[in-house]
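[1] quick one: sequence and predicted model below, then my questions.
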Amino acid sequence: MRKRQKLVLTAFTLAVLLLVIQSVNLDIRYLLIGVLAVFSWLLSAWALKEGLVGIEWLTVTLPSALFTASVGLFYILLPQSVWARGLIAVIFGIGQYALLLSANIFSVAAIRTIALFRAASAVGFVMTLVTGFFLFDTILSFRFEFYVIGLLVMLTSFCLTLPALWSVELLPKLNARTMVFSVFLAFSMGMFSVAVSFWPISTSVASLFLSTMLYVVLGLSQHHFSERLFNRTVWEYVVVGLVVTATMLLTVGWGV
């Protein structure tokens, strides 16, 4: 079977399984989503195994498993209907296929120059933000204590940023800089989540804020890794972060 066929089969299989899981009893749905996330990693590793070496077994395949878990968890929070289930399954399948294509390009680009690397990086960055939004929304929806939210967002952010930062340089091993930056970004996101947990805003707005902060810190870090962090670039990201933060603060119901 050709690799492209494996990628299509993987995305289609995961979409069907996601659709099936949403039809089972809610009491075991969370467990099944966890199992599906692990199965997603296994299928991704199977589809991409020809190009995977060393740390790539983690950094290339982890985003697929995280995306599967994020969509499965986020879907539980949505209104239950046949049309919604079908639409989410289709969108998930397309997103998963795009993610797998990007992962394949990363695995090839690690050993030779490839023209589609920049496009794959853009897709990977967008999918990281989408996955982050779904996971942040799920975490915040449980209304945990602020320290639990902080720890969960920190762990989630570390899993999101580690592959994203590795994909800039595509090194055969995780170096100290990648690890340090991933830990620092995860800690920063955890602090943002602790702060936002005290604000009188909706879960969706809080999740959007955290996703925007992830966009800022991860985007700046990736530009730093690629040695393209210029003053203009810094201001572009900072302005986006400030605008979103100011808009959120001006629209919340303080004292209500």
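    Great, that's in hand.

[2] for Leu174, helix, strand, or coil?
    Secondary structure, DSSP: H, G, I helix; E, B strand; the rest coil: Leu174 is coil.

[3] what's the burial count for it?
    Residues near Leu174, counting by other Cβ atoms under 10 Å, number 16. In this view, the C-beta of every residue, glycine as well, is placed from N, C-alpha and C.

[4] for it, give me phi and psi.
    Phi and psi for Leu174, reported as degrees, to the nearest 10, are phi -80, psi 120.

[5] now do the phi/psi pair for the closest residue to it other than its chain neighbours.
    Excluding the flanking residues, the one nearest Leu174 by Cβ to Cβ, 6 or more residues apart in numbering is Ile55, at 5.6 Å. Here is the backbone geometry of Ile55 (degrees, to the nearest 10): phi -70, psi -10.

[6] list the contacts for the residue nearest to Ala37 when sequence neighbours are not counted?
    Nearest-residue entry for Ala37: Ala69, 4.0 Å, with adjacent residues in sequence omitted and distances by Cβ to Cβ, 6+ apart. Counting by Cβ atoms under 8 Å, 6 or more residues apart in numbering, Ala69 makes contact with 33-34, 36-37, 40, 135.

[7] buried subset of these, written for ChimeraX?
    Here is the ChimeraX command that selects the buried residues among the contacts of Ala69 (16 or more other Cβ atoms under 10 Å):
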select :33,36,37,40,135
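
[8] inside helices: which ones of the contacts of Ala69?
    In helices, defined here by DSSP state H, the members of these are 33-34, 36-37, 40, 135.

[9] quick one: which of those is nearest Lys6?
    Comparing the ones in helices among the contacts of Ala69 against Lys6 with Cβ to Cβ places Ser40 closest, at 13.6 Å.

[10] hmm, Tyr215 is touching Val126, no?
    No - using Cβ atoms under 8 Å, Tyr215 makes no contact with Val126, being 9.6 Å away.

[11] settle it for me: which of the two has more neighbours?
    Counting neighbours by other Cβ under 10 Å for Tyr215 and for Val126 shows that Tyr215 has the greater number, 20 against 15.

[12] how close does that one get to Asn231?
    The gap separating Tyr215 from Asn231 is 19 Å, by Cβ to Cβ, to the nearest Å.

[13] now swap in Thr203 and tell me
    Going from Thr203 to Asn231 by Cβ to Cβ gives 36 Å.

[14] who has more neighbours, those two?
    Thr203 (17 against 7).

[15] now the longest helix seen in the chain, how far from the centre of its chain.
    Ranked by residue count and defined by DSSP H, the top helix of the chain is helix 82-109. Centroid displacement of helix 82-109 relative to its chain, using Cα atoms, centre = their mean, to the nearest Å, is 12 Å.

[16] then stretch 241-256?
    Per Cα atoms, centre = their mean, the centroid offset for stretch 241-256 relative to its chain is 25 Å.

[17] before we move on, what about stretch 177-188?
    Distance of stretch 177-188 from the chain centroid (Cα atoms, centre = their mean) equals 16 Å.

[18] average pLDDT for it?
    For stretch 177-188, mean pLDDT rounds to 96.

[19] and if you look at stretch 46-57?
    Here the average pLDDT along stretch 46-57 is 86.

[20] list the buried ones in that stretch?
    Neighbour-count burial for stretch 46-57, counted by 16+ other Cβ under 10 Å, picks out 47-48, 51-52, 55-57.
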